[in-house]
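Novice: sequence first, then the predicted structure, then my questions.
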Amino acid sequence: MDSKTIKEIIESYTLEDASEEVRMTFDKWLTEDDCRQEKDAVLNDMWENMPLIQTSGQEDPLSIIEEAEKIQNIESHRKSRRKTVLLWIASSVAACMTIVSLIGWNNSAGSDTTYLITSVDSKGEFVLPDGSVVWLNKGSRLRYVDDLKGDEREVTLEGEGYFDVVKDAGRPFIVQAGDMSIKVLGTRFTVSAYQGSPIEAYLEEGSILAMAPEHSPLILAPDQAVIYDPEDDRFEAYAENASDHTAWIDGKLEFVNKPLNDIIECLKHWYRVDISCNDIKMASEIRLSMTIRQESIDEICRALTTIADVSYIIDSRGNVKITFDR
């Protein structure tokens, strides 16, 4: 797909009164690996040609969006019922960091919906309208409506996010992650809700109330975690060092006495490859401690062969097959 076609798709989307399904499809297309460099180049060009806005990459993305929306209302998009801003920010810290924010207007519901999206190659820090801060890991998205002005500050998460929530006793903060809900007043915690994986939350400070369908709510204390796996109807709390699940913010992965099968799941998202294993039971019985920074997936697999009786193959697409040698 060439740059001209990509630009036409983006511009067409900004002018249409898109349904929720179309918006979600567009978001997914925009952050896919396919033609990623071309998409980034088009978004960068659109950003650089948007008048009056300057950014160092360190400013609050929400304040930039507000300014961009004011400009767009003056431009020819004024006649559109749907207001959308596509925002590309090149971070001075992470050279290829791409953050896309979408603001949509739903006439029937009379509400603004904000989407915060990180590409598969980036993570991003966002300040929410209530002052809470959220870090989104690679390939994640967060959605909320009406600038969190209601009786409940509700957000919907896909992927992984670290939340530092501003306390407001009269307005609880709710994270909807798949079928699991997490309710807090003010606290710090991590939520992992990748498609096809169990939903988990790790509490660093304060307390949270976790809820899942047909299960009694669970209240977590610091350094506890909760897991919800709809496939086997598992919903339970357990002791866990929450700081082990925030290392990705600093560009690394840390595992302390973790089962190999859990490590494999994290590596899938970190390296954006498929990793299969011929013996999940055996992988669940092997526990490892390691810190991963800039190592390649090949280096990680080679290290595994020195500490476990395994071999591996990496195919032409970069996908990994790990085999236990019996």
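Specialist: Arrived safely.
Novice: which residues touch the helix or strand where I322 lies?
Specialist: Element membership for I322, per DSSP states H and E: strand 320-324. With contact meaning Cβ atoms under 8 Å, 6 or more residues apart in numbering, strand 320-324 is reached by 264, 273-279, 282-283, 297, 301, 304, 308-315. (Each C-beta comes from the backbone N, C-alpha and C, glycine too.)
Novice: equivalent analysis for stretch 184-196, please.
Specialist: Under Cβ under 8 Å, 6+ apart, the answer for stretch 184-196 is 157-169, 172-175, 177-178, 180, 182, 199-209, 242, 245-246, 269.
Novice: direction included, what does the strand holding I322 pair up with?
Specialist: Take DSSP bridges as the rule and strand 320-324 pairs in its sheet with strand 275-277 (parallel), strand 310-314 (antiparallel).
Novice: CA atoms of the longest one as PDB?
Specialist: When you say that, I think you mean strand 310-314. Output in PDB follows, covering the C-alpha atoms of strand 310-314 (Å, rounded to 0.1, in the frame of the first residue of the first chain):
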ATOM      1  CA  VAL A 310      15.200 -27.500  25.200                       C
ATOM      2  CA  SER A 311      15.900 -26.600  21.500                       C
ATOM      3  CA  TYR A 312      14.300 -24.000  19.400                       C
ATOM      4  CA  ILE A 313      13.700 -23.000  15.800                       C
ATOM      5  CA  ILE A 314      13.000 -19.500  14.500                       C
END
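Novice: and the residue lying closest to R287 once chain neighbours are set aside, which of the three is it?
Specialist: Distance criterion Cβ to Cβ, 6 or more residues apart in numbering; nearest residue to R287, sequence neighbours excluded, is N257 at 5.0 Å. Under DSSP: H, G, I helix; E, B strand; the rest coil, N257 falls in the strand class.
Novice: so who does the residue positioned nearest the centre of the chain touch?
Specialist: Centroid check for the chain by Cα atoms, centre = their mean gives S140 as the closest residue, at 1.9 Å. The contact partners of S140, by Cβ under 8 Å, 6+ apart, come to I117, T118, K123, L157, E158, G159, E160, G161.
Novice: turn these into a markdown table, including distance to I322 and neighbour count.
Specialist: Listed next are those as a markdown table, based on distance: Cβ to Cβ, whole Å; neighbours: other Cβ atoms under 10 Å:
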| residue | distance to I322 | neighbour count |
| --- | --- | --- |
| I117 | 31 | 24 |
| T118 | 28 | 26 |
| K123 | 26 | 24 |
| L157 | 29 | 24 |
| E158 | 27 | 21 |
| G159 | 24 | 21 |
| E160 | 23 | 25 |
| G161 | 29 | 25 |
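Novice: now, of the contacts of strand 320-324, which are buried?
Specialist: By neighbour count, with 16 or more other Cβ atoms under 10 Å, the contacts of strand 320-324 hold I264, I275, C277, M282, A283, I297, C301, L304, A308, V310, Y312 as buried.
Novice: looking at the residues you listed, which has the smallest pLDDT value?
Specialist: Of all these, A308 carries the smallest pLDDT score, 83.
Novice: these two touch, right, it and E285?
Specialist: No: using Cβ atoms under 8 Å, A308 makes no contact with E285, being 10.4 Å away.
Novice: for the chain, what are the low-confidence residue spans?
Specialist: For the chain, the stretches with pLDDT under 70 are 11-24, 26-28, 30-33, 36-37, 40, 43-111, 326.
Novice: could you pick out the longest strand of it?
Specialist: Using DSSP state E, we find that the single longest strand of the chain is strand 153-164.
Novice: the helix or strand just after that strand packs against which elements?
Specialist: Downstream of strand 153-164, the next assigned helix or strand under DSSP H and E is strand 173-177. When contacts are defined as 3 or more Cβ pairs under 8 Å, 6 or more residues apart in numbering; DSSP states H and E, strand 173-177 sits against strand 153-164, strand 180-184, strand 188-193, strand 199-205.
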